[in-house]
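Generate coordinates for the sequence data below:
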Amino acid sequence: MKKYDHIVAGSGISGLTMSLLLAMNGHSVLLLEKGPRIGGSLSRFSKRGVPFDTGFHFTGGLHEGGILADILMFLGIRDSIVPVFLSEARRNQFIFESEGKRFELPSGVENIKNQLKGYFPKDAAAIDQYFDMVRSVCSRTPSLSLHENEIAMPNLDEDFVSLDAVLKGLTGNASLRGLLSGYAMCYGVRPCEISFANHSRMVLNFYESIACVKDGGDAFVNAFQNKFKEYDIEVRCGTFITELADIRDSKVGRFVLNTGEEVTADNCVLTIHPKEILNLLPQKHFSRAFASRVSSFESSAGFFSLFAVHKPGTRDPNPEASLVSLFPDADVNNLLDPAYRGMPALVIIKSPDEAEGSAGKGICILEPSFYEQVSGWSASRRGKRPQEYLDYKRARIETTKEHIFSVFPAYRDILEIVDAGSMLTFREYLNSPDGSAYGVKQKMGQFNLIGKLPLHNLYAAGQSSLLPGIIGAMMSSLIVGRAVLGKAQYGKLLGKAT
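Alright, predicted model coming up:
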């Protein structure tokens, strides 16, 4: 049997980060990916030569001194990531259709505050208080610091009050509440379910700066692959752990792979979905309480996605906008409610770049979706779906197109849909249990699965462990990696990087 210092299961951004961090310490790492290539939802795909992003579209924290920029610097790949900042207000538009109002948000907390006060002068004090509260939460959260870098269990007062309750306590203006909770689309949880603390931890980076990235998620995958060449990292695709064997003293002795091979390792970090972790663990090695905790996790919202291009020779009627959020209702609780039956919200994301020789720039159109809407066809597989599912998909494409055309009539002659995907599509391409966009719901007061597991050389990390999105997933790996390496060794690596 081949022996490694560490095994990392899952090659999304969390698994990539974990593998590189452990290898930087001089250890050997085996990175396993169930799919045919690494990257998970980071990886792009192409249609008609046009590149489209799967799960990564834009991010915060890439500005100088931003948390994502610091993480990339620590890992030695900052120069490989080229941000395209969406600094001007017109780049980021929110349209509240029921009110016939359009709002534009610039980058930078002070800039946003001034813009909002211009829209809502009577709520100036509430706007100041909201941003003061967001900053206060983040300043008191050690998991958001590369240097403190510790798991922060829900322990702030703001961890036990919902975003919805805070906003209703600050203002009676429904439009302002809708704008301040609009980024819930970036973590897929209703404002009444998520704590104000976790909302703050996720959105402050978006307020400080928003950026797309040249070459999209592939830029991160390529950067990690190039960096891996400097270290003892073995990558295997189409490979996953099927059995934990030879368990003694609450430690796994052998890891059986789907290929039939058996390997050993001192530690194994699982960056896969928590419910997949539960399925892998032998039942006699975890308690009923542990099983109940993991089984109770609910999935975040997913997306029904359309992938489009401009028809040749046409011009965009709204060229300044890179992100356009269409909200039929200012109440985000409604828009993210699985029981909601009105016109869904949608976000139009325009790629800032185009591949050489391609037909143009890709446009991703994301509409909140829930697994209940497609669960009736869950036993089917891509290419073998029943006609009923195909009818559902076709009808949803047409409804989404008409929604866009009702707001931007000129798009009817300009926009061409080249592909579409439901949560079942994402489930299969990303090897997730249900195709949700952000793993488990980050519900108020919830204790996520992070760090050491019941078997002591197994650890859990990933976007379901700490916070959703690229920053949350990477920070979870740094936190867990610090626990695996030890504070002293992690501190040495951090000192070299800074």
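
Ile348 is in contact with Leu415, correct?
No: with contact defined as CB atoms under 8 Å, Leu415 does not reach Ile348; the gap is 9.6 Å. In short, each C-beta sits where N, CA and C put it, glycine included.

Show the backbone phi and psi for Ile95.
Per-residue torsions, Ile95: phi -120, psi 120 (degrees, to the nearest 10).

sorry, back to before: now list whatever residues contact both of Leu415 and Ile348.
363, 404 (CB atoms under 8 Å, 6 or more residues apart in numbering).

Quick one: low-confidence residue ranges for the stretch 301-450 of the chain.
353-360 (pLDDT under 70).

Recalculate using a threshold of 90.
Scanning the stretch 301-450 of the chain for pLDDT under 90 picks out the ranges 310-320, 351-362, 382-383, 413-414, 431-432, 445-447.

Endpoint to endpoint, stretch 274-290 covers what distance?
11 Å (CA to CA, to the nearest Å).

buried ones in that stretch?
Neighbour-count burial for stretch 274-290 flags 274-278, 280-281, 286 (criterion: 16 or more other CB atoms under 10 Å).

for those, which one is nearest Met24?
Set against Met24, the nearest of those by CB to CB is Ile277 (25.0 Å).

Name all residues that make contact with the closest one.
270, 294, 449, 453, 460.

do that again at 7 Å, thanks
Taking CB atoms under 7 Å, 6 or more residues apart in numbering, we find Ile277 in contact with 270, 449, 460.

Tell me the spacing between it and Gln446.
16 Å (CB to CB, to the nearest Å).

what's the neighbour count on the closest residue to Gln442 other than its chain neighbours?
Using CB to CB, 6 or more residues apart in numbering and skipping residues adjacent in sequence, the residue nearest Gln442 is Asn198, 5.0 Å away. Asn198 has 25 neighbouring residues, counting by other CB atoms under 10 Å.

Also Glu193?
19.

Against Gln463, how distant is it?
17 Å.

Which helix or strand contains Ser19?
Using DSSP states H and E, Ser19 falls within helix 13-24.

And the next helix or strand past that helix?
Past helix 13-24, the next helix or strand by DSSP H and E is strand 29-33.

Tell me which helix or strand comes right after that next one.
Later in the chain than strand 29-33, the nearest helix or strand by DSSP H and E is strand 44-47.

by contact count, what packs against that next one?
If contacts are counted by 3 or more CB pairs under 7 Å, 6 or more residues apart in numbering; DSSP states H and E, strand 44-47 sits against strand 50-53, helix 216-228.

right, and the ones you listed - which one's nearest Arg394?
Per CB to CB, nearest to Arg394 of these: strand 50-53, 19.7 Å.

Okay, now the sheet partners of the closest one, with direction.
strand 44-47 (antiparallel) (DSSP bridges).

Tell me if I'm right that Val221 and Ile38 touch.
Yes: with contact defined as CB atoms under 7 Å, Val221 reaches Ile38; the gap is 6.4 Å.

ok, now how distant is Phe206 from Ala395?
If you go by CB to CB, the gap between Phe206 and Ala395 works out to 33 Å.

Those two: which has the busier surroundings?
Phe206 (21 against 10).

the helices in the stretch 1-150 of the chain, which residues?
13-24, 67-75, 109-119, 124-139 (DSSP state H, counting those that start in this stretch).
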